[in-house]
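Undergrad: Return atomic coordinates for the entry below.
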Amino acid sequence: MAIDIKVRESVLEAVHNSNQSDKVAQKIVNLLEELSNGTFDLNNREEIQIYLNTILEAININITK
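TA: Have a look, this model is predicted:
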């Protein structure tokens, strides 16, 4: 089952409001689609860690003091 268009749009808006790239949004949407389709195993910690690392690597963090 595909995720609702409103969910997709909300993710894109949140990512853009956070000054992140479309790449981050697409990775989050991909995860949500896999969860929706039942193809993502929430009991597999290694799979979860890999997916989260993929998303985190796409995020641009600027730390200024």
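
Undergrad: For the lowest-mean-pLDDT helix or strand in the chain, enumerate the helices and strands it packs against.
TA: Least confident helix or strand of the chain, by mean pLDDT, DSSP states H and E, is helix 45-58 with a mean of 88. Packed against helix 45-58, as judged by 3 or more CB pairs under 8 Å, 6 or more residues apart in numbering; DSSP states H and E, are the following elements: helix 22-37. Placement of C-beta: from N, CA and C, glycine included.

Undergrad: ok, and what's touching the helix it packs on?
TA: With CB atoms under 8 Å, 6 or more residues apart in numbering as the contact definition, helix 22-37 has outside contacts at 1-3, 7-8, 11-12, 15-16, 40, 42, 51, 54-55, 58-59.

Undergrad: what's near enough to touch Ile55?
TA: Ile55 touches Val24, Lys27, Ile28, Leu31, counting by CB under 8 Å, 6+ apart.

Undergrad: Can you pull up the most central residue in the protein?
TA: Ile28 (1.4 Å; CA atoms, centre = their mean).

Undergrad: do you know how far it is from Asn60?
TA: Distance of Ile28 to Asn60, computed by CB to CB, to the nearest Å: 14 Å.

Undergrad: what do you get for Asn30?
TA: 18 Å.
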